[in-house]
Every structure is written in C-alpha cells, then in structure tokens.
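Trainee: Just need the structure, nothing else, for what follows:
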Amino acid sequence: MTLDDLPTTIYGGGKPAAPAAGYCDAPDCGDAQRGAPRGADPRLDGEGSVQVQLDPSERIDKALVFAVYGKGGIGKSTTSSNLSVAFSKLGKRVVQIGCDPKHDSTFTLTKCLVPTVIDVLESVNFHPEELRLEDFVYDGYNGVMCVEAGGPPAGTGCGGYVVGQTVKLLKQHHILDDTDIVVFDVLGDVVCGGFAAPLQHADRALIVTANDFDSIFAMNRISTAILAKAKNYKVRIGGVIANRSDETDQIDRFNAATGLKTMAHLPALDVIRRSRLRKATLFEMDADDPDVAHAQQQYLQLAETLLAGPAPLEVTPMRDRDLFDFLGFD
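Mentor: Now for the predicted structure:
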C-alpha cells in the first residue's frame, strides 16, 4: 500500500460535497430550511468516520453560527472575542462558547476565568435540572454572553459530549430563542470527532492562520475536516483570517491553489498582545491609537461581511505531502 491508497478524508484532497436535494444554502433561507438533512448516509462524515452524530434535539435553529478553528496558539480566542464584540456593536445578541478545557476563550470579555459547563454539572452530580442560567452563562463586555464548555478529564471522555451538553443546556434555558449569533471558539487544530462537533452546528467555519508552514498545514487539515462534515451538515467554509502576520504571501499562494479566501488581516500588532495582558478586547483599548483603530475596523468589516451571508467557498485541500512540496523550504 502507498500513500495514494489511503483515504483522502484523512490525508487531504477530495472535492467539496454538493448540497443534497432540499437543502437551502442561501442567506435568505427560512429557519425550517436551514440545516435540512442531506441525502448522504447519515452514519458517515467521511471514510472511516467514527464521529458521533448530532442529536436533533441539540440543533441550533435560529441563530447564525460560526465556528473558529486554527492551529493551537494562533489567536483563535482573541479573534473570537473581538469578533463577538464586533457583532454586538452592530446590534446583535451574541453568545460565545469556548470549547477548550483550559477555558480561557472568554476571559477578555468577562475579565476572569469562568467555571465551565462540566464544572457546574459536576457540582450538581450531573443533574442539569438543578442548574440556573447564571450558573454557566456570564455577562461579558458590551452584552456578549459567555459560556465555557470545558472538557472531560484528561485522557477520558469526548469533547463532542461536552459541546452537546452545553448546547442542550442553552436550549433548555431558552437562551438561544432570541440569540442572533453564536460563536464557537474551538480547541487548536484538533479535528477528531469530538472537537469537530461544533461543525455540526455551524453555518460557516472560519480558519485563523499565520503566514507560516505549520499554520497553513493545520488550515489545510481543518479544511478537509469541514468538507467531511459538509456532506451531512449545513456547515460551509466561510474564509480565512490572517493573524499575527505582517506578510501574507504564503497564505495568498495557498488560497489561490485551493480556493480559500482571506476575509480579514490582522498584522503582528503589539496592541493585540497588550490587550490580552489587560484582560480586554481591542474595543476597550484607546481608539486614538492607529493600530487599535485598524484592528477594530478589520473586525467590524468581518462581522458585516459575515452578516451579509458570504457565498460558501468551493475548496479543494491538498494532500499532506503535496502541501509539503508546495510550500517547500529554502
């Protein structure tokens, strides 16, 4: 057996799935049409898939849902938090859900590390009916509602279960009934069944990357995972957020070769680092600083673009070894 014989869903490649009959992908789809089931085998999200399927009772029906992915440490939480604030500045009711066991997705919004859903469920011996909304939903800057899903104990359980329990609690407490936007901030570049679970809820997946090999390699793998989920769920690739990079030449080359598109560019600005140290979003920093003003404008423009319903991208990821040769080394 050679690498060519191995499944493309694991090693990259493949064409984007076409929408199934009866599925509505347009921005003006009604609630009943959005997320309509596909005609593909519901047991499989890709060759050899062992991913847990979404419980229909956990489906997010009304809000627009965005899942933010990218290489570990690339700035997904910074991106998610500032994007959430940008949506709120545009008058939208926003819920941000952190999906990382270290539960630091929302600390610039809340100014602290809030308890996770798993923490509070454990405190009531996993009897969710005993929980109040304020036990796991916290007020953040400019009205953004903050939830930290947390994760199972190290080496046990599944992140997908945690995401499912979080959405179920939010639905039971009717917090999603009048929510406009849900932003999932997802752990690293892990695309196993558990941490791919937010893709089952999302309308669009956004990929945060830097202008380097490791980040682009992770972006390629994440794109493959999104396409696998797109066979049975409404999620589509929305685009790329170039972060912590003054130059974007390698990102631009990769996008041109695969069909991806950069939606926002945040250079390596020291003010972003300082905002994290201050436990603050960029919208709380001095707007007279030109770097702050630039970053705020990038996030506001990104939020406006996403609200306008950008067309999904038709992406063809590369095989791992082809990407290695494509980026190459000097």
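
Trainee: Flag the shaky bits of the stretch 151-300 of the chain, pLDDT-wise.
Mentor: 153, 156-159, 189-194 (pLDDT under 70).

Trainee: 90 instead?
Mentor: In the predicted model of the stretch 151-300 of the chain, residues 151-168, 171-174, 177, 187-198, 200, 228, 231-232, 287 satisfy pLDDT under 90.

Trainee: Report the contact partners of the closest residue in space to residue 249 that isn't next to it in sequence.
Mentor: Leaving out its chain neighbours, the residue that sits closest to residue 249 by CB to CB, 6 or more residues apart in numbering is residue 211, at 6.8 Å. To be clear about C-beta, it is placed using only N, CA and C from the backbone, and glycine gets the same treatment. Residue 211 makes contacts with 242, 245, 247, 248, 249, 250, 251, as judged by CB atoms under 8 Å, 6 or more residues apart in numbering.

Trainee: Can you tell me which of the residues you listed are buried?
Mentor: Among the contacts of residue 211, those classed as buried by neighbour count (16 or more other CB atoms under 10 Å) are 242, 245, 248, 250, 251.

Trainee: Could you tell me which of those residues belong to helices?
Mentor: Applying DSSP state H to the buried ones among the contacts of residue 211, the entries found in helices are 250, 251.

Trainee: mind putting the buried ones among the contacts of residue 211 in JSON lines, distance to residue 94 included?
Mentor: Below are the buried ones among the contacts of residue 211 laid out as JSON lines (distance: CB to CB, whole Å):
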{"residue": "242", "distance to residue 94": "23"}
{"residue": "245", "distance to residue 94": "26"}
{"residue": "248", "distance to residue 94": "28"}
{"residue": "250", "distance to residue 94": "32"}
{"residue": "251", "distance to residue 94": "27"}
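
Trainee: Could you identify the most distant pair in the buried ones among the contacts of residue 211?
Mentor: Distance extremes for these: the farthest pair is 242 and 250 at 10.0 Å, using CB to CB.

Trainee: Not counting the strand or helix carrying residue 67 itself, show me its contacts.
Mentor: Element membership for residue 67 (DSSP states H and E) is strand 64-70. The contact list for strand 64-70 (CB under 8 Å, 6+ apart) reads 76, 79-80, 83, 180-186, 188-189, 191, 198-199, 201-209, 215, 218-219, 222, 226, 235, 238, 241, 243, 306-307.

Trainee: Filter those residues down to the buried ones and hand me the ChimeraX line.
Mentor: Those of these that count as buried under 16+ other CB under 10 Å are selected in ChimeraX with:
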select :76,79,80,83,180,181,182,183,184,185,186,188,189,191,198,199,201,202,203,204,205,206,207,208,209,215,218,219,222,226,235,238,241,243,306,307
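
Trainee: Let's see which of the contacts of strand 64-70 end up in helices.
Mentor: Among the contacts of strand 64-70, DSSP H puts 76, 79, 80, 83, 215, 218, 219, 222, 226, 306, 307 in helices.

Trainee: wait, which of those is closest to residue 265?
Mentor: For those, the closest approach to residue 265 (CB to CB) belongs to residue 79, at 11.8 Å.

Trainee: Help me confirm that the closest one comes into contact with residue 243.
Mentor: Yes: using CB atoms under 8 Å, residue 79 is in contact with residue 243, at 6.3 Å.

Trainee: For these two, list the residues in contact with both.
Mentor: Common neighbours of residue 79 and residue 243, using CB under 8 Å, 6+ apart, are 70, 208, 266.

Trainee: and of those, the nearest to residue 317?
Mentor: Nearest member of the shared contacts of residue 79 and residue 243 to residue 317, counting by CB to CB, is residue 70, at 14.8 Å.

Trainee: Spit out the contact partners of the closest residue to the closest one other than its chain neighbours.
Mentor: Closest residue to residue 70 apart from its sequence neighbours, by CB to CB, 6+ apart: residue 208 at 3.4 Å. With contact set as CB under 8 Å, 6+ apart, residue 208 has these partners: 68, 69, 70, 71, 74, 75, 76, 79, 240, 241, 243.
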